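**Student:** Pasting a predicted model and its sequence here:
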Amino acid sequence: MTTREVEHEITVLAAAADVYRLIAEVENWPRIFPPTIYVDHVERGRREERIQIWATANGTAKHWVSHRTLDPGALRITFRQEVTSPPVAAMGGTWIIEPLSERESRVRLLHDYRAIDDDPESLAWIDEAVDRNSRSELASLKKNVEFAQAAEEITFSFEDTVRVDGAAKDLYDFINEGDRWEERLPHVASVRLEEVSPGLQILEMDTRAKDGSTHTTKSYRVCLPASTIAYKQVTLPALMTLHTGVWTFSQEGDTVAATSQHTVVLNTDNIARVLGDDATVADAKAYVQGALSTNSRATLGHAKDYAEQKRRV
């Protein structure tokens with residue numbers, strides 16, 4: 001079997017310990033690394049953990065399970081995919097953070113991998129995916145570490161929750177069945193849903209705004225029955241450089257708390273063009289939150305009606 005070994009590196013203007021912490025905190029990966037859609041812990045210990053990762057690769061979406069060993073003292077994180085996604089037969093590697101000075105670090109990302117049946121075309125596909133994602137991850141890591149303070153001002157999260165006299169499964173089904181949103185949600189003009197694999201979707205839809213205009217959005221969605229649907233939007237309006245979200249359905253006795261959570265990074269370069277020369281970051285936050293919350297609350301309201309009707313029937 002042919003094992004390929006490759007290495008990518010980048011220099012970051014940040015302390016090594018800060019860089020290590022950012023990589024260790026996988027909950028933030030969808031915000032930090034462009035290919036990552038969602039990460040979920042399967043098992044979690046002090047130094048050992050198993051995580052599920054959903055990410056894009058060469059224009060499609062993939063899912064795998066990895067085991068990670070954390071060594072904060074040595075500033076190293078090793079990983080090995082336990083459940084791979086074709087055409088990958090095996091995949092592992094190491095993050096190594098090397099301090100160059102008190103404020104500068106070298107980040108090295110090592111990979112080793114094999115293709116199923118040693119297929120040359122599959123190996124070439126993996127070569128391209130690893131190279132593209134590694135360069136993207138390192139560039140994004142550098143940007144997010146070096147501009148952490150600026151990003152903190154323009155990054156924000158919020159959520160909307162409704163209480164439903166129904167079952168979590170019915171609410172989950174309503175959100176999961178995105179291909180029926182055109183008939184179920186008045187603000188959705190058209191929708192296209194592709195199920196890449198069970199629980200992994202590509203959702204593209206045209207949404208109506210208050211002024212009657214429509215805009216197209218495309219998201220990758222991870223659906224975990226019947227409690228969570230996480231997504232990452234990959235076609236973004238002018239005021240956002242990132243938008244991730246999570247729908248959660250928590251059964252509490254006979255009722256359910258249905259929540260839509262959003263995390264947004266503003267595109268400050270477009271604030272004046274979209275909102276006017278006098279608009280501030282605060283104005284942009286309010287505008288974006290208002291638009292997203294309006295659609296979320298509308299969707300939650302229709303999901304509530306659906307679930308409560310199901311219970312009555």
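**Tutor:** That came in fine, so what should we check first?
**Student:** Next, name the residue at the spatial heart of the chain.
**Tutor:** Centroid-nearest residue in the chain: Ile37, 3.0 Å away (criterion: C-alpha atoms, centre = their mean).
**Student:** who are the neighbours in contact with that one?
**Tutor:** Pro30, Trp54, Ala55, Thr56, Ala61, Tyr220, Arg221, Val222, Ala230, Tyr231, Lys232 (C-beta atoms under 8 Å, 6 or more residues apart in numbering). For every residue, glycine as well, the C-beta is placed using N, CA and C.
**Student:** Local confidence estimate at it?
**Tutor:** Predicted confidence (pLDDT) for Ile37: 95.
**Student:** And for Ala150?
**Tutor:** Looking at Ala150, its pLDDT reads 61.
**Student:** So for stretch 73-83, mean pLDDT?
**Tutor:** Stretch 73-83 comes out at a mean pLDDT of 96.
**Student:** residues in contact with it?
**Tutor:** 16-17, 20, 23-24, 50, 64-71, 88, 90-99.
**Student:** Show me how this structure divides into domains.
**Tutor:** Following automatic domain parsing, one finds the domains of the chain at 4-146, 152-312.
**Student:** now the end-to-end length of the shortest one.
**Tutor:** Okay, so that is domain 4-146. 31 Å (C-alpha to C-alpha, to the nearest Å).
**Student:** For Ala291, which residues are in contact?
**Tutor:** Ala291 is in contact with Ala209, counting by C-beta under 8 Å, 6+ apart.
**Student:** does it belong to a helix or a strand, and which?
**Tutor:** Take DSSP states H and E as the rule and Ala291 turns out to sit in helix 281-312.
**Student:** Next, the buried residues of that helix.
**Tutor:** Within helix 281-312, the residues that count as buried by 16 or more other C-beta atoms under 10 Å are 284-285, 287-289, 292, 295-296, 299-300, 302-304, 306-308.
**Student:** if we take the residues you listed, which one ends up nearest to Glu204?
**Tutor:** Among those, Asn295 lies closest to Glu204 (C-beta to C-beta), at 15.3 Å.
**Student:** tell me the pLDDT at the closest one?
**Tutor:** 92.
**Student:** For it, give me its contacts.
**Tutor:** Asn295 makes contact with His187, Thr207, according to C-beta under 8 Å, 6+ apart.
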